[in-house]
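Novice: just coords:
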């Protein structure tokens, strides 16, 4: 087998995981940016991670359905809480979301304090284990993402519906790619394509994300870097380049 064939064999499943995450996160990220609740993804992702930590502390395996149930219920409760912030305290909503994130993160640290594998569990939740994603995980993720996207495009992102769909999606994504990459996939493409509209924006967001995942995974292999952080940096670099290019394009159009 050639070197290129070996690389493709290693990054094939992680690349598919990235594509699945991008399919849901690009449109969700645009809605997050439109609503001005940038840190909701970090907060909900961290709360979902806290659910996983609670399940692990009760001696459940990371991949079993009980752990998934803990994560989804935690994320739904977190999304409901944040929806309450929007309804009752909109003037301090972002601050309350930040506080919620910090509380969830530190609660996880407290629960893992006596666990000899606590550091490993925390690293997996934050940075992910992208290169070790399995085909079975992809099938489960696809089965959950599909109804989410159908409801999203058929019914639209209504207020409460947005929070519920967001919670389910982020819960699945955190366990595929980690908290940092979930935030990056939601926000970086959304910021980069903010000047575009409609299908053009979504297509550009997908293209940017695919390029970043491919470059990040290859850099991970070539330089022995952790895959998740490598993809985050590639998302940032491609986002900056794309944002500058579209900014110059629109500036030239205004001049004309």
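Specialist: Now that the structure is in, tell me what you want to look at. Because the structure is predicted, anything quoted here is derived from the model rather than measured.
Novice: I'd like the distance from the helix of greatest length in the chain to the chain centre, please.
Specialist: The residue-count maximum for a helix in the chain (DSSP state H) belongs to helix 3-35. Taking the mean of its C-alpha atoms, helix 3-35 sits 10 Å from the chain's own mean (Cα atoms, centre = their mean, to the nearest Å).
Novice: what residues of the helix or strand immediately after it in the chain count as buried?
Specialist: Downstream of helix 3-35, the next assigned helix or strand under DSSP states H and E is helix 40-57. Neighbour-count burial for helix 40-57 flags 40-56 (criterion: 16 or more other Cβ atoms under 10 Å). The way it works is simple: take the backbone N, C-alpha and C, and place the C-beta from them, glycine included.
Novice: angle of the longest helix of the chain against helix 40-57?
Specialist: Going by axes from the mean of the first three to the mean of the last three Cα atoms, to 10 degrees, helix 3-35 is angled at 120 degrees with respect to helix 40-57.
Novice: now helix 3-35: mean pLDDT?
Specialist: Helix 3-35 shows an average pLDDT of 84 in the prediction.
Novice: what helices or strands is that helix leaning on?
Specialist: Using 3 or more Cβ pairs under 8 Å, 6 or more residues apart in numbering; DSSP states H and E, the elements in contact with helix 3-35 are helix 40-57, helix 135-155, helix 159-177, helix 179-192, helix 198-223.
Novice: out of those, flag the one nearest residue 76.
Specialist: helix 159-177 (4.9 Å; Cβ to Cβ).
Novice: got the angle for the lowest-mean-pLDDT helix or strand in the chain vs helix 159-177?
Specialist: Sorting the helices and strands of the chain by mean pLDDT, DSSP states H and E puts helix 118-127 at the bottom, at a mean of 77. Relative orientation of helix 118-127 versus helix 159-177 (the same axes, to 10 degrees): 120 degrees.
Novice: gap between helix 118-127 and the chain center?
Specialist: Distance of helix 118-127 from the chain centroid (Cα atoms, centre = their mean) equals 16 Å.
Novice: got the contact list for that helix?
Specialist: Helix 118-127 has contacts (Cβ atoms under 8 Å, 6 or more residues apart in numbering) with 49, 52-53, 56, 62, 108-109, 112, 115, 174, 178-181, 226, 228-229.
Novice: quick one: buried residues of it?
Specialist: Residues of helix 118-127 classed as buried by neighbour count (16+ other Cβ under 10 Å): 118, 121-122, 124-127.
Novice: with distance to residue 36 added, can I get the residues you listed in a markdown table?
Specialist: A markdown table is the format used below for those (distance: Cβ to Cβ, whole Å):
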| residue | distance to residue 36 |
| --- | --- |
| 118 | 35 |
| 121 | 33 |
| 122 | 30 |
| 124 | 31 |
| 125 | 26 |
| 126 | 25 |
| 127 | 27 |
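Novice: so which of those residues is the closest to residue 104?
Specialist: residue 125 (10.9 Å).
Novice: in this structure, which residue is most central in space?
Specialist: residue 182 (1.7 Å; Cα atoms, centre = their mean).
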